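Enquirer: whatever this is, show me its structure:
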Amino acid sequence: MPGGSQGEGRAGGLASAEGLAGLRACVHCGICLPQCPTYRVLGEEMDSPRGRLYLMRAVAEGRLDITDGYTRHLDLCLGCRACETACPAGVPFGRLLETARGDMERRRGRGRPGLRGLLLALFPHPDRVGALLALARLYRQVGLQRLVRARGWLARAPGLAAMDVLLDRLPAAVPVPEYLPGREPVRGRVGLLAGCVQRHLYPDVNRDTARLLSLAGWDVVTQARQGCCGALDLHAGRLGTFRRRARALTAAFPRDLDWVVTNAAGCGSAMREYGHWLPDGEAAALAGRTRDVSELLADADLPLRPLPLTVTYHDACHLAHGQRVRAEPRAMLRRIPGLRLVELADSDLCCGSAGIYNILEPEMAGRLAEMKVESIVETGATAVATGNPGCLMQIAAGLRRRGSAVEVVHPVTLLARAAGVGEP
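Expert: All right, here's what the predicted structure looks like:
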């Protein structure tokens, strides 16, 4: 981490008045335990929100050092924030976890990067992701992927095996115009976040988002050179880097926008946190104008044709728990004629994606994916919709392993098909 970013990361640490107040708000009631994915799988107190808060408080009060054991318990947390939804005391677990990881990041220092460092050097850079996917296409075309899989070489490196699954989705580039005028009467002007992974692995979702917003009466601006929102750095505790990315992204959007629209739950959640991590200036103002696409399209007047499908919906963690957006995606889907929406058991239980978690912690992520897939199959739905690219990939991989033909789509994709602006 470049010098200067570490100093920024120290501000507002766990030992600050704000950090201690958040930690001490926990009343140890245990309501959060059954909502925690790792606790449900492991049944270990220290791998529950209550246990992790106890450890963080001990470090903040100087009763415990940042040990390897402490680090492991916090690394194993998915950061899904389901505990925040359940907590009667309003403990800001997500912010406390990210602050604690900032302390851990400084302790890690500049050692060997490892897989985690390589991933953080890749995914927050759209140009690097694009270059890697170009190489991945070649890797598949010449037959190397088939050879590697047939020989079982990836079994020795579960993290790399999880990355290899990403290569099963390598779509052709789908251009999104930098400006798309809204249908009359125009309701206002919005900016569309392209995302780092979304623009390359799900470019059709960006295209459909822009077309639907335009059809709903919004002028849509998509800046070609916009960078990363900083979500992965925030969740990894790289707070200085996160702040720099937040400022750069804020500067990339025109100031005359009514809203900045995201279609990736993790990105939207991080952007709505800008006001906490950068309380002064334009970044904080951008946070207040950030909305998930479903919030603008749930009640939009769109010409929709019937779409005879039975669909279930998975609540992406950073949409349901981070942004508290639950009703709007369902309302958007229910407006499609002919579509039958069936509820999913534990719809807001994490699928195990969590940014790069499924690559770093493939065993835990795999167990959570199996639980999610089992619930999806039990609904009898022919498609499952979810509003985050990581969830789309994780659930699709789980369904494929099971041999299921359930389609995995973004809600925007279904709405675009019904509106006649998407592709089946």
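Enquirer: avg pLDDT for stretch 346-364?
Expert: Stretch 346-364 carries an average pLDDT of 94.
Enquirer: show the end-to-end separation of that stretch, please.
Expert: By CA to CA, to the nearest Å, the extent of stretch 346-364 from end to end equals 17 Å.
Enquirer: okay, buried residues for it please.
Expert: For stretch 346-364, burial by neighbour count (16 or more other CB atoms under 10 Å) applies to 346-362, 364. C-beta coordinates here come from the backbone N, C-alpha and C atoms, glycine included.
Enquirer: how about stretch 16-36?
Expert: Within stretch 16-36, the residues that count as buried by 16+ other CB under 10 Å are 19, 22-23, 26, 32-33, 35-36.
Enquirer: P171 belongs to a helix?
Expert: No - counting by DSSP: H, G, I helix; E, B strand; the rest coil, P171 is not part of a helix but coil.
Enquirer: nearest residue to it in space, please, no chain neighbours.
Expert: Closest residue in space to P171, ignoring its immediate chain neighbours: P203 at 6.3 Å, by CB to CB, 6 or more residues apart in numbering.
Enquirer: cool, and Y39?
Expert: Leaving out its chain neighbours, Y39 is closest to S48 (CB to CB, 6+ apart), at 3.9 Å.
Enquirer: show me the contacts for the residue nearest to P171.
Expert: Counting by CB atoms under 8 Å, 6 or more residues apart in numbering, P203 touches 171, 173-174, 176.
Enquirer: so how far is A172 from it?
Expert: Counting by CB to CB, to the nearest Å, the separation of P203 from A172 is 8 Å.
Enquirer: pretty sure R140 sits against R149.
Expert: No - using CB atoms under 8 Å, R140 is not in contact with R149, being 10.7 Å away.
Enquirer: remind me which helix or strand the residue nearest the centre of the chain belongs to.
Expert: Centre of the chain computed as the mean C-alpha position; nearest residue by CA atoms, centre = their mean is G266, 2.7 Å away. Here G266, judged by DSSP states H and E, is contained in helix 265-272.
Enquirer: one more: G102?
Expert: helix 93-108.
Enquirer: name the residues that touch that helix?
Expert: Residues from elsewhere that reach helix 93-108, judged by CB under 8 Å, 6+ apart: 1, 6, 9-10, 12-14, 19, 22-23, 32, 49, 52-53, 56, 59, 66, 71, 74, 77, 79, 81, 83-84, 87, 234-239, 273, 276, 322.
Enquirer: buried set for it?
Expert: 93-106.
Enquirer: let's see that helix as CSV, backbone CA atoms only.
Expert: Output of helix 93-108 as CSV, limited to C-alpha atoms (Å, rounded to 0.1, in the frame of the first residue of the first chain):
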residue,chain,number,x,y,z
PHE,A,93,-20.9,-4.5,12.2
GLY,A,94,-19.9,-3.9,8.6
ARG,A,95,-18.0,-0.7,9.4
LEU,A,96,-16.4,-2.2,12.5
LEU,A,97,-15.3,-5.2,10.4
GLU,A,98,-13.8,-3.0,7.7
THR,A,99,-12.1,-0.8,10.4
ALA,A,100,-10.6,-3.9,12.0
ARG,A,101,-9.4,-5.2,8.7
GLY,A,102,-7.7,-1.9,8.2
ASP,A,103,-5.7,-2.6,11.4
MET,A,104,-5.0,-6.1,10.1
GLU,A,105,-3.9,-4.8,6.7
ARG,A,106,-1.3,-2.5,8.4
ARG,A,107,0.0,-5.5,10.4
ARG,A,108,0.3,-7.6,7.2
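Enquirer: right, I'll leave it there.
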